[in-house]
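>>> Just need the structure, nothing else, for what follows:
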Amino acid sequence: MDVITDRLAHGEKYFPLHPGFQKAFGFLGQSNLPQLAPGRYEIEGDRLFCILHEGQGLGRSQVKLEAHRKYIDLQYVISGTDEMGWKPVASCTLIDKPYDSEKDIVLFGDPPENWIHVPKGFFVLFFPDHAHAALGGTGSIRRAIVKIAVE
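Below you'll find the model as predicted:
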């Protein structure tokens, strides 16, 4: 499946793609999301949760590609503007750190092939076959990363 990017307001059209998407987009649509403190928020235990992150963008040259096997990443920009890079996992050849099953992550040394401009109010869906790198933008970025179990 291709990477999907869209406005949060259009999230419901993606509900049929996965049974967890309705709750994931529902969490992101709550009115108090911008006021929540950074940290982890349980939605359905380890099957569906959100990590709120706030920090400075690193710029395109400083970010590393990562991929997950157990989770789909729904990355939503709450404020600021991010640049998110990606490349198909099947095209990645430089493994920086092998797959860690406890943390569900593999890190790659390959540069992203594609970049997505992600302003406030937009999201990107990264599936397990997408190596991705967030925080390629600059300035202050506040984002929510909803982790949705594949199975």
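>>> For the rest of this, base every contact and every neighbour count on C-alpha atoms.
Fine.
>>> where does the chain have its least confident helix or strand?
The weakest-scoring helix or strand in the chain, judged by mean pLDDT, DSSP states H and E, is strand 95-100 (a mean of 94).
>>> Starting from it, tell me the next helix or strand along the chain.
Using DSSP states H and E, the helix or strand that directly follows strand 95-100 along the chain is strand 105-108.
>>> Alpha carbons only: can I get that next one in CSV?
Taking Å, rounded to 0.1, in the frame of the first residue of the first chain, the C-alpha atoms of strand 105-108 are listed here in CSV:
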residue,chain,number,x,y,z
ILE,A,105,11.9,-0.9,15.3
VAL,A,106,14.6,-1.3,12.7
LEU,A,107,16.8,1.7,11.8
PHE,A,108,18.2,2.2,8.3
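>>> Strand partners (parallel or antiparallel) of that strand?
Partner strands for strand 105-108, per DSSP bridges, with pairing direction: strand 65-67 (antiparallel), strand 95-100 (antiparallel).
>>> Quick check: next helix or strand after the first one?
Read that as strand 65-67. If you walk from strand 65-67 toward the C-terminus, the next helix or strand you reach (DSSP H and E) is strand 71-79.
>>> just to revisit the earlier point, now render the strands paired with strand 105-108 as CSV, adding distance to residue 16.
Rendered in CSV, the data for the strands paired with strand 105-108 read as follows (distance: least, Cα to Cα, whole Å):
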stretch, distance to residue 16
strand 65-67, 23
strand 95-100, 29
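>>> did I read that right, residue 14 in a strand?
No. Residue state for residue 14 (DSSP: H, G, I helix; E, B strand; the rest coil) corresponds to helix; a strand is not indicated.
>>> now it, nearest residue through space, not along the chain?
Among residues not flanking residue 14 along the chain, residue 21 sits closest, at 7.1 Å (Cα to Cα, 6 or more residues apart in numbering).
>>> So what's the residue count around that neighbour?
Counted with other Cα atoms under 10 Å, the neighbours of residue 21 add up to 21.
>>> Pull out the buried residues from the least confident helix or strand of the chain.
Buried positions in strand 95-100, judged by neighbour count with 16 or more other Cα atoms under 10 Å: residue 99.
>>> Please apply the same query to stretch 82-102.
Of the residues in stretch 82-102, those with enough neighbours to count as buried (16+ other Cα under 10 Å) are 82-89, 92, 99.
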